[in-house]
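Student: A structural model of the following input is requested.
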Amino acid sequence: MYQTLKSGGPLMIPIILCGIIAVFIIIERCIYFYNIKIRDQKLMTSLRDSLSAGNYEACSAACVQADTPMSQVVKKAVDCRRYQENDLREAVEAEMDFVVPRLEHFLTPLGTIANISTLLGLLGTVTGNIKAFGVLGAGASMGDPALLAGAIAEALVTTVAGLCVSIPAVIFHNYFVSRVNRRIVEMEANVTSVLLRLTGRV
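Tutor: Have a look, this model is predicted:
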(Lines give C-alpha, C1' and ligand atoms only; values in the text may rest on other atoms or scores of the structure.)
Protein backbone atom coordinates (compact mmCIF):
# COMPACT_ATOMS: atom_id res chain seq x y z
CA MET A 1 0.00 0.00 0.00
CA TYR A 2 2.78 2.40 0.96
CA GLN A 3 4.67 1.63 -2.23
CA THR A 4 1.52 2.26 -4.27
CA LEU A 5 1.02 5.65 -2.64
CA LYS A 6 4.71 6.44 -2.99
CA SER A 7 4.55 5.71 -6.71
CA GLY A 8 2.08 8.60 -7.05
CA GLY A 9 4.86 11.09 -6.48
CA PRO A 10 4.89 14.36 -4.51
CA LEU A 11 1.33 15.26 -5.50
CA MET A 12 0.11 12.46 -3.25
CA ILE A 13 0.99 14.60 -0.21
CA PRO A 14 -1.63 17.33 -0.83
CA ILE A 15 -4.17 14.72 -1.96
CA ILE A 16 -3.70 12.74 1.26
CA LEU A 17 -3.91 15.95 3.32
CA CYS A 18 -7.16 16.82 1.55
CA GLY A 19 -8.46 13.35 2.37
CA ILE A 20 -7.60 13.69 6.06
CA ILE A 21 -9.25 17.12 6.29
CA ALA A 22 -12.33 15.84 4.45
CA VAL A 23 -12.69 12.91 6.86
CA PHE A 24 -12.42 15.27 9.84
CA ILE A 25 -15.08 17.62 8.41
CA ILE A 26 -17.45 14.75 7.55
CA ILE A 27 -17.21 13.22 11.03
CA GLU A 28 -17.53 16.61 12.76
CA ARG A 29 -20.60 17.63 10.73
CA CYS A 30 -22.31 14.25 11.21
CA ILE A 31 -21.90 14.52 14.98
CA TYR A 32 -22.97 18.19 14.94
CA PHE A 33 -26.20 17.65 13.00
CA TYR A 34 -27.09 14.62 15.11
CA ASN A 35 -26.56 16.56 18.34
CA ILE A 36 -28.55 19.64 17.32
CA LYS A 37 -31.43 17.45 16.14
CA ILE A 38 -31.65 15.79 19.56
CA ARG A 39 -31.24 19.09 21.43
CA ASP A 40 -33.87 20.86 19.33
CA GLN A 41 -36.38 18.09 19.93
CA LYS A 42 -35.86 18.36 23.68
CA LEU A 43 -36.00 22.15 23.47
CA MET A 44 -39.36 22.22 21.68
CA THR A 45 -40.84 19.80 24.21
CA SER A 46 -39.64 22.01 27.05
CA LEU A 47 -40.83 25.21 25.36
CA ARG A 48 -44.39 24.00 24.90
CA ASP A 49 -44.83 23.58 28.63
CA SER A 50 -42.99 26.77 29.57
CA LEU A 51 -44.80 28.96 27.03
CA SER A 52 -48.17 27.55 28.04
CA ALA A 53 -47.38 28.48 31.65
CA GLY A 54 -46.00 31.89 30.67
CA ASN A 55 -42.67 31.03 32.26
CA TYR A 56 -40.38 33.00 29.96
CA GLU A 57 -37.37 32.71 32.25
CA ALA A 58 -37.55 28.93 31.90
CA CYS A 59 -37.79 29.36 28.12
CA SER A 60 -34.61 31.45 28.05
CA ALA A 61 -32.82 28.98 30.32
CA ALA A 62 -33.83 26.06 28.09
CA CYS A 63 -32.54 27.93 25.03
CA VAL A 64 -29.20 28.64 26.68
CA GLN A 65 -28.86 25.00 27.69
CA ALA A 66 -29.70 23.72 24.19
CA ASP A 67 -27.11 26.00 22.54
CA THR A 68 -28.24 25.37 18.97
CA PRO A 69 -28.95 27.82 16.13
CA MET A 70 -32.67 27.37 16.61
CA SER A 71 -32.46 27.91 20.37
CA GLN A 72 -30.57 31.14 19.73
CA VAL A 73 -33.37 32.39 17.47
CA VAL A 74 -36.06 31.32 19.93
CA LYS A 75 -34.25 33.05 22.78
CA LYS A 76 -34.15 36.23 20.71
CA ALA A 77 -37.90 35.96 20.17
CA VAL A 78 -38.54 35.44 23.88
CA ASP A 79 -36.27 38.33 24.87
CA CYS A 80 -38.02 40.63 22.37
CA ARG A 81 -41.55 39.45 23.17
CA ARG A 82 -42.64 42.95 24.25
CA TYR A 83 -41.82 44.45 20.85
CA GLN A 84 -44.47 45.29 18.30
CA GLU A 85 -45.24 42.27 16.13
CA ASN A 86 -43.52 43.67 13.04
CA ASP A 87 -40.43 44.63 15.06
CA LEU A 88 -40.44 41.21 16.71
CA ARG A 89 -40.50 39.44 13.36
CA GLU A 90 -37.70 41.63 12.02
CA ALA A 91 -35.56 40.87 15.07
CA VAL A 92 -36.18 37.14 14.67
CA GLU A 93 -35.41 37.21 10.94
CA ALA A 94 -32.16 39.10 11.57
CA GLU A 95 -31.16 36.56 14.21
CA MET A 96 -31.99 33.70 11.87
CA ASP A 97 -29.74 35.18 9.19
CA PHE A 98 -27.02 35.45 11.84
CA VAL A 99 -27.18 31.79 12.94
CA VAL A 100 -27.43 30.11 9.51
CA PRO A 101 -23.61 30.25 9.03
CA ARG A 102 -23.31 28.00 12.10
CA LEU A 103 -25.16 25.32 10.14
CA GLU A 104 -23.00 25.90 7.07
CA HIS A 105 -19.72 25.75 8.99
CA PHE A 106 -16.99 23.77 7.16
CA LEU A 107 -19.17 23.20 4.08
CA THR A 108 -17.19 25.62 1.92
CA PRO A 109 -13.85 23.90 2.73
CA LEU A 110 -15.43 20.50 2.03
CA GLY A 111 -16.69 21.71 -1.35
CA THR A 112 -13.27 23.16 -2.10
CA ILE A 113 -11.59 19.86 -1.26
CA ALA A 114 -14.03 18.04 -3.55
CA ASN A 115 -12.96 20.27 -6.42
CA ILE A 116 -9.22 20.55 -5.87
CA SER A 117 -8.76 16.82 -5.21
CA THR A 118 -9.95 16.09 -8.73
CA LEU A 119 -7.69 18.81 -10.11
CA LEU A 120 -4.69 17.50 -8.17
CA GLY A 121 -5.35 14.02 -9.57
CA LEU A 122 -5.56 15.48 -13.05
CA LEU A 123 -2.33 17.40 -12.48
CA GLY A 124 -0.67 14.14 -11.44
CA THR A 125 -1.96 12.51 -14.61
CA VAL A 126 -0.45 15.28 -16.73
CA THR A 127 2.93 15.25 -14.96
CA GLY A 128 3.07 11.45 -15.12
CA ASN A 129 2.34 11.50 -18.84
CA ILE A 130 4.98 14.18 -19.37
CA LYS A 131 7.51 11.97 -17.62
CA ALA A 132 6.39 8.96 -19.66
CA PHE A 133 6.84 10.83 -22.93
CA GLY A 134 10.19 12.07 -21.68
CA VAL A 135 11.29 8.50 -21.09
CA LEU A 136 10.10 7.50 -24.56
CA GLY A 137 11.88 10.45 -26.10
CA ALA A 138 15.14 9.64 -24.32
CA GLY A 139 15.17 5.94 -25.26
CA ALA A 140 15.97 4.28 -28.54
CA SER A 141 12.64 2.52 -28.89
CA MET A 142 10.49 2.10 -25.77
CA GLY A 143 13.01 3.72 -23.40
CA ASP A 144 13.76 2.41 -19.94
CA PRO A 145 10.86 0.11 -19.02
CA ALA A 146 11.28 0.77 -15.27
CA LEU A 147 11.19 4.54 -15.69
CA LEU A 148 8.29 4.29 -18.11
CA ALA A 149 6.32 2.11 -15.68
CA GLY A 150 7.04 4.55 -12.85
CA ALA A 151 5.77 7.51 -14.88
CA ILE A 152 2.60 5.67 -15.87
CA ALA A 153 2.06 4.57 -12.27
CA GLU A 154 2.35 8.20 -11.11
CA ALA A 155 -0.30 9.24 -13.63
CA LEU A 156 -2.73 6.48 -12.66
CA VAL A 157 -2.22 6.52 -8.88
CA THR A 158 -2.71 10.28 -8.54
CA THR A 159 -5.85 10.08 -10.66
CA VAL A 160 -7.32 7.30 -8.55
CA ALA A 161 -6.31 8.97 -5.27
CA GLY A 162 -7.82 12.30 -6.33
CA LEU A 163 -11.11 10.63 -7.26
CA CYS A 164 -11.16 8.59 -4.03
CA VAL A 165 -11.03 11.85 -2.08
CA SER A 166 -13.25 13.89 -4.38
CA ILE A 167 -16.21 11.51 -4.81
CA PRO A 168 -17.02 11.06 -1.08
CA ALA A 169 -16.40 14.78 -0.50
CA VAL A 170 -18.94 15.70 -3.21
CA ILE A 171 -21.49 13.21 -1.86
CA PHE A 172 -21.21 14.39 1.74
CA HIS A 173 -21.10 18.06 0.73
CA ASN A 174 -24.42 17.71 -1.09
CA TYR A 175 -25.82 15.69 1.82
CA PHE A 176 -24.84 18.35 4.35
CA VAL A 177 -26.28 21.11 2.15
CA SER A 178 -29.58 19.24 2.13
CA ARG A 179 -29.35 18.85 5.92
CA VAL A 180 -28.77 22.58 6.29
CA ASN A 181 -31.79 23.38 4.12
CA ARG A 182 -33.91 20.92 6.10
CA ARG A 183 -32.80 22.41 9.42
CA ILE A 184 -33.59 25.92 8.18
CA VAL A 185 -37.11 24.87 7.16
CA GLU A 186 -37.67 23.13 10.51
CA MET A 187 -36.24 26.12 12.36
CA GLU A 188 -38.57 28.51 10.55
CA ALA A 189 -41.57 26.31 11.33
CA ASN A 190 -40.70 25.96 15.03
CA VAL A 191 -39.85 29.63 15.47
CA THR A 192 -43.13 30.59 13.79
CA SER A 193 -45.04 28.42 16.27
CA VAL A 194 -43.20 30.15 19.13
CA LEU A 195 -44.02 33.57 17.69
CA LEU A 196 -47.69 32.65 17.45
CA ARG A 197 -47.68 31.73 21.12
CA LEU A 198 -45.82 34.89 22.10
CA THR A 199 -48.25 37.09 20.17
CA GLY A 200 -51.25 35.31 21.69
CA ARG A 201 -52.54 33.79 18.48
CA VAL A 202 -52.40 30.24 19.80
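Student: Going by residue numbers, what spans are helices in this structure?
Tutor: 2-6, 12-53, 56-66, 69-79, 85-103, 107-138, 145-198 (DSSP state H).
Student: Show me what the fourth one is packed against.
Tutor: This means helix 69-79. helix 12-53, helix 56-66, helix 85-103, helix 145-198 (3 or more Cβ pairs under 8 Å, 6 or more residues apart in numbering; DSSP states H and E). In short, each C-beta sits where N, CA and C put it, glycine included.
Student: now it and helix 145-198, what's the angle there?
Tutor: Helix 69-79 and helix 145-198 are oriented at 20 degrees to each other (axes from the mean of the first three to the mean of the last three Cα atoms, to 10 degrees).
Student: Format the helices of the chain as CSV; extra columns: mean pLDDT.
Tutor: Listed next are those as CSV, based on pLDDT from 0 to 100:
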stretch, mean pLDDT
helix 2-6, 61
helix 12-53, 93
helix 56-66, 92
helix 69-79, 93
helix 85-103, 91
helix 107-138, 84
helix 145-198, 88
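Student: How about the residue nearest the centre of the chain, nearest residue that isn't a chain neighbour?
Tutor: Nearest residue to the geometric centre of the chain (Cα atoms, centre = their mean): Leu107, 3.2 Å. Sequence neighbours aside, Phe176 is the residue nearest to Leu107 in space, at 5.6 Å (criterion: Cβ to Cβ, 6 or more residues apart in numbering).
Student: now what about stretch 185-192, what contacts it?
Tutor: Asp40, Met44, Pro69, Met70, Val73, Val74, Ala77, Val92, Met96 (Cβ atoms under 8 Å, 6 or more residues apart in numbering).
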